[in-house]
Structure formats: structure tokens, C-alpha cells
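# below is the sequence, then the predicted model.
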Amino acid sequence: MEQEFTGKKDYQLSEITVSASCPSNIALIKYWGKYDHQIPANPSISYTLQHCRTQTEMQFVPGEPFSVETWLAGKEEKKFAEKTEKYFYEIQKYLPWILDGKYIISTANTFPHSSGIASSASGFGAIAKCLMLLDEEFCGRHEEDFFLRKASFLARLGSGSACRSLYNGLVVWGQTDVVPGSSDQFAVPYPQEDIHPVFRHFNDWVLLIHEGQKSVSSTVGHGLMKHNPYAQRRFQEARENFSVLKSVLKSGDMEAFIALVEHEALTLHAMMMMSAPAFILMKTGTLEVISKIWKFRNETGLPLFFTLDAGANVHLLFPGNESADAIRTFIGAELLQHTQNQGVIKDEMKF
Ligand code: PMV
């Protein structure tokens, strides 16, 4: 499978600047735990966001010794440059020209750096797209399908969940019989015809409960799943959840969708608490918001629910239909007070 991505040895280099933009994504069935070479321990599915994006410009100067310079919003980022250099060495087999020059990479995010929103998915997605644009310049044009599949494959090697950001809508990464064509190597879009219209326009408002660096990185978290005594059961459950989700997505059963998505979020954090050493990324505000959401739902029956990333912030999910107004009012009146600085990022998924 991977051979499909081995790069061409005959290429012609030129100095060129390319640019690409890529959105972030939020997982519904979570990827948490991996094997060597960024192979996920279970399949995952996410919504691709609309507004939280990374814009990247990549200048390539051939003939210079290999080096990478990275700039984030006009500020030089030496750590990110080191990480990117390492990444370029790792993917050399797939882009044989990649070490033949110098790179100046400038990136900007549409969301605040301090927000704690992971920029790795949109960041590596945008870098992978830029690399594929350079590859087209040096080796000739690719079919659109191949372009995106290889960009997704390359993004995965940078940051696992990034591979899902290459497609719009609901996107699957990791082999599962439930989704034909799914793969551990790259992401694929979930078939549109199997998605009820109610799931095609959703809001994701991210409440910034805690801004800034989180205490344990995703890399460390994934690693701790290796010795987590509940890991195998968790991986199995994620697979089972895919079958459940398939029929829910088709039928439009909102209640079952909410139950599954919230269970997945809490399971992710339960895994963290059952790791050794244990760690907790939720904050008091996270728990307060969750309990208010449950109370609101009990009292009104309106479809406001949550998911969580590997962090304290709460992703508030609600369909983009008529009930949205009452939900927005509730968020402003009751939930916003639990953020650190009145911080909320209003995003949506539409396809
Ligand atoms: O792609 P990583 O290594 O940053 O891991 C992402 C893990 C979660 O965001 C918690 C879940 C997911 O599937 O995106």
C-alpha cells in the first residue's frame, strides 16, 4: 500500500514559493494510542472545522545545504524548525528531492496561539499540501485524488490526526470494515450519501477554559497507552462504536449520536486517568460546563452536547438549525463564565 507513495527519482528543481491553507479537525471517535510509524491503534472519525485554519507559505531554494527556517506570525520559531527538519528526513523516501535545498516556512493561524487549540493538525496538513505542490513543480502533475491521498499520508507522519484535515466533512482514519477504502496509512472522507442531512451542518464552539500549554503532550499520552491495562478493551470499543455510528449517521438519531460522542470524549480522559503515571487535563471549569450541559439538556431537551480534545477546553456541539438560538443564549448566559478570558472560538462544519 505504502509503495504507492514512493517518490520519483527523476526530478528537476527550481526556486519556488508555494502556499496552502488547511483547517483543524475535531474527533468524534478518538484516536488515542498508536504503534510504530504512526499507525493508529484504532480507527477514528472527525469533523473538519471551517474557520480554525493554518495558512502556510513555503519557499524552497535548491542547491543550498538542507535547512529549515520557520516563522509563526512573523516570529522565528527555532523549535518548530528542528521538528520540521526531523520530519523532512523521515519522509525522504516519499519525496526524494526533499533534502536538496533550503526552506523558509511562514505560517499563521486564524485562531489565537495561546488558545490551547492544537495547531498540529492544521499545521502539518498545510505543510503536507505545500510539499505536494512542490512535488508537482519538480516531478509533474498529480491526479487530484492522489494529491490529497499522498498529502494525507505525509501529514499523518507529521502528526497522526493531521491526516484527517485534508478532507472536508466527516473523515475517517484507520482501517475499519465499516468504511470501505479506509486505511491506517491515510484518511478518507466518510461517504456523503450515508450521512443524514441533520449531521451536515453543525456548530462547534470551543470554550477556552484553559489557555496556553497543556501539562502532558499528546505524544506522551499516546505512549502511556502502551502499558495501560484498559487499552485493548478501549481499542476494541472504538471499533464497536464505528458500527454504532454508521447506523446513527444514516438514520439521523440525534440522541444516540450525542450519547456516543460524549462517551468517546469521557473515555479519552478516563484513559488518561488510568495511565501510569496518571494525568488529568480537565479543569474545574471543564467539569462545571459538562454538568451544566447535562442539566440544560434534561430541562429543555435541546441538542447541546460536548466533546473534548486532549486538553481542558470544551467543544460545544449543536446542530445548525432552529434550536440553535436558544442554545446560543444559554452558552452566553451560563457557560462563558467558566472560560479563562471570556474566550470562545465559534466554528462550524458544513458540507
Ligand atoms: O494527532 P495527535 O498525536 O496530536 O493526537 C490527537 C489525539 C486526539 O486529538 C486526542 C484525538 C484525535 O483523534 O484527534
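Great, that's in hand.
# use CA for all of it now, contacts and neighbours both
Fine.
# now the residue located most distally from the centre of the chain. Nearest residue, chain neighbours left out?
Relative to the centre of the chain, the most outlying C-alpha is that of residue 63, 34.5 Å out, by Cα atoms, centre = their mean. For residue 63, the nearest residue in space outside its immediate sequence neighbours is residue 101; the separation is 5.2 Å by Cα to Cα, 6 or more residues apart in numbering.
# give me phi/psi at that neighbour?
According to degrees, to the nearest 10, the main-chain angles of residue 101 amount to phi 180, psi -170.
# end-to-end on stretch 340-351?
Taking Cα to Cα, to the nearest Å, the span from the opening residue of stretch 340-351 to its closing residue is 32 Å.
# buried set for that stretch?
By neighbour count with 16 or more other Cα atoms under 10 Å, stretch 340-351 contains the buried residues 343-345, 347-350.
# now, which of those lie within strands?
The strands in this structure, assigned by DSSP state E, contain 344-345, 347-350 from those.
# and the residue farthest from the centre of the chain, how far is that from the ligand?
33 Å (Cα to the nearest ligand atom, to the nearest Å).
# would you mind naming what in the protein lies close to the ligand?
Those residues of the chain that sit near the ligand, judged by Cα under 6 Å from any ligand atom, are 27, 30-32, 44, 159-161, 218-219, 309-310.
# 8 Å instead, please
Residues of the chain found near the ligand, taking Cα under 8 Å from any ligand atom as the criterion, are 25-32, 44-46, 118, 120-121, 156, 159-162, 218-219, 222, 268, 308-310.
# cross the residues you listed against strands and list the overlap.
Here DSSP E is the test, and these give 25-29, 44-46, 308 as lying in strands.
# before we move on, the earlier item: using CSV, please lay out the buried residues of stretch 340-351 together with pLDDT.
What follows is these, written out as CSV (pLDDT from 0 to 100):
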residue, pLDDT
343, 92
344, 95
345, 95
347, 95
348, 95
349, 95
350, 92
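# which helix or strand contains residue 248?
Under the criterion of DSSP states H and E, residue 248 resides in helix 231-251.
# and for that helix, what's in contact with it?
Contact with helix 231-251 is made by 29-30, 33, 41-44, 176, 178, 194-196, 199, 225, 254, 256-257, 260, 271, as judged by Cα atoms under 8 Å, 6 or more residues apart in numbering.
# how about 7 Å then?
Among residues not part of helix 231-251, those counted as contacts by Cα atoms under 7 Å, 6 or more residues apart in numbering are 29, 41-43, 178, 194-196, 225, 256-257.
# buried stuff in it?
By 16+ other Cα under 10 Å, the buried positions in helix 231-251 come out as 231, 234-235, 238-239, 241-242, 245, 247-250.
# stretch 151-160 now?
Applying a neighbour-count criterion of 16+ other Cα under 10 Å, the buried positions in stretch 151-160 are 151-160.
# can you check stretch 71-79 too?
Across stretch 71-79, burial judged by 16+ other Cα under 10 Å covers residue 71.
# repeat that for stretch 273-288.
By neighbour count, and taking 16+ other Cα under 10 Å as the criterion, the buried residues in stretch 273-288 are 274-275, 279-282, 285-286.
# where does this protein have low pLDDT?
With pLDDT under 70 as the threshold, the chain has low-confidence stretches at 1, 114-116, 118, 322.
# all strands for it, in order.
Using DSSP E, strands in the chain cover 16-29, 34-35, 39-40, 44-62, 67-72, 75-76, 101-109, 170-173, 187-189, 201-207, 305-308, 314-319, 344-350.
# deepest in the core, which of the ones you listed is it.
Ranked by mean neighbour count, the strands of the chain are led by strand 170-173 with a mean of 28 (mean count of other Cα atoms under 10 Å).
# packing partners for it?
If you count contacts as 3 or more Cα pairs under 7 Å, 6 or more residues apart in numbering; DSSP states H and E, strand 170-173 packs onto strand 44-62, strand 187-189.
# paired strands for the shortest one, with orientation please.
Listed by DSSP bridges, the sheet partners of strand 187-189 and their directions read strand 170-173 (antiparallel).
# my guess is residue 26 contacts residue 47. True?
Yes: at 5.4 Å, residue 26 counts as touching residue 47 under the criterion of Cα atoms under 7 Å.
# quick one, phi/psi of the nearest residue in space to residue 323 that is not next to it in sequence?
Nearest-residue entry for residue 323: residue 302, 6.9 Å, with adjacent residues in sequence omitted and distances by Cα to Cα, 6+ apart. The phi and psi torsions at residue 302 (degrees, to the nearest 10) take the values phi -80, psi 150.
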